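[1] here's a sequence, model it:
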Amino acid sequence: MKAVSVVSIRKELKHKSDAELAELCLRLSRFKKENKELLTYLLFEADDEQAYIETVKNEIDEQFEAINTNSFFYIKKSVRKILRNTKKYIRYSLNKETEVELLLYFCKKLKAMSPSIKRNTTLLNLFDRNMEAITKKILKLHEDLQHDYGLLVEELER
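    Model (predicted):
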């Protein structure tokens, strides 16, 4: 079965009643964890973006604490998973400020991690790539935010 385009889906959804739309959303939430997480964000957390950011930061903290630091293989694997989850939460929000703030927080935690990422080229490259991405994203924000986040980036790069 081939999926139809978003335009076709949008047109079809206009013909559905509120009850039918609610039922469709509930069916969607049963199939994938990501669908349920997105609906949770849209229904309960989208109104308070700052609380959402704090929730995600707490989850990042928990994931960094759970990393097996016995070898760099496990560290790299765990860090990639944390980054993947962070980017998933960023996709739910679609807010550029949230994206910059969460990526900065991830990089801050990565840099402060023990053993140091300076001892592993892969982790150092991952950090550098994310810092470059953050710098590019900051340029798309309001001037005041650019300055504030720019100071945080400089502090992290030292």
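
[2] what sits up against the helix of greatest length in the chain?
    When the chain is parsed with DSSP state H, its longest helix is helix 72-93. With contact meaning C-beta atoms under 8 Å, 6 or more residues apart in numbering, helix 72-93 is reached by 34, 37-38, 41-42, 46, 49, 52, 56, 59-60, 63-64, 66-69, 98-99, 102-103, 106, 110, 113, 115, 119-120, 122-123, 126, 130. All C-beta atoms are positioned from the backbone trio N, CA, C, and that covers glycine.

[3] go again using 6 Å as the cut-off
    Contacts to helix 72-93, defined as C-beta atoms under 6 Å, 6 or more residues apart in numbering, come from residues 38, 41, 56, 63, 67-68, 99, 102, 106, 120, 122.

[4] same question, stretch 135-150
    For stretch 135-150, contacts defined as C-beta under 6 Å, 6+ apart pick out 96, 100.

[5] hmm, try it at 7 Å
    96-97, 99-100, 104, 153 (C-beta atoms under 7 Å, 6 or more residues apart in numbering).

[6] what of stretch 22-30?
    For stretch 22-30, contacts defined as C-beta under 7 Å, 6+ apart pick out 35-36, 39.

[7] the longest helix of the chain: what's the following helix or strand?
    Later in the chain than helix 72-93, the nearest helix or strand by DSSP states H and E is helix 96-112.

[8] against which helices or strands is that following helix packed?
    For helix 96-112, the elements it packs on are helix 49-65, helix 72-93, helix 121-138, helix 143-157, judged by 3 or more C-beta pairs under 7 Å, 6 or more residues apart in numbering; DSSP states H and E.

[9] now the longest helix of the chain, how far from the chain's geometric center?
    The chain centroid and the centroid of helix 72-93 are separated by 8 Å, computed with C-alpha atoms, centre = their mean, to the nearest Å.

[10] over to stretch 19-33?
    On the basis of C-alpha atoms, centre = their mean, stretch 19-33 sits 23 Å off its chain's mean C-alpha point.

[11] quick one: mean pLDDT over that stretch.
    Looking at stretch 19-33 alone, the average pLDDT works out to 89.

[12] now do stretch 112-131
    Rounded mean pLDDT across stretch 112-131 is 92.

[13] run through who's touching that stretch.
    For stretch 112-131, the external contacting residues (C-beta under 7 Å, 6+ apart) are 64, 69, 72, 75-76, 79, 103, 106-107, 110-111, 153, 156-157.
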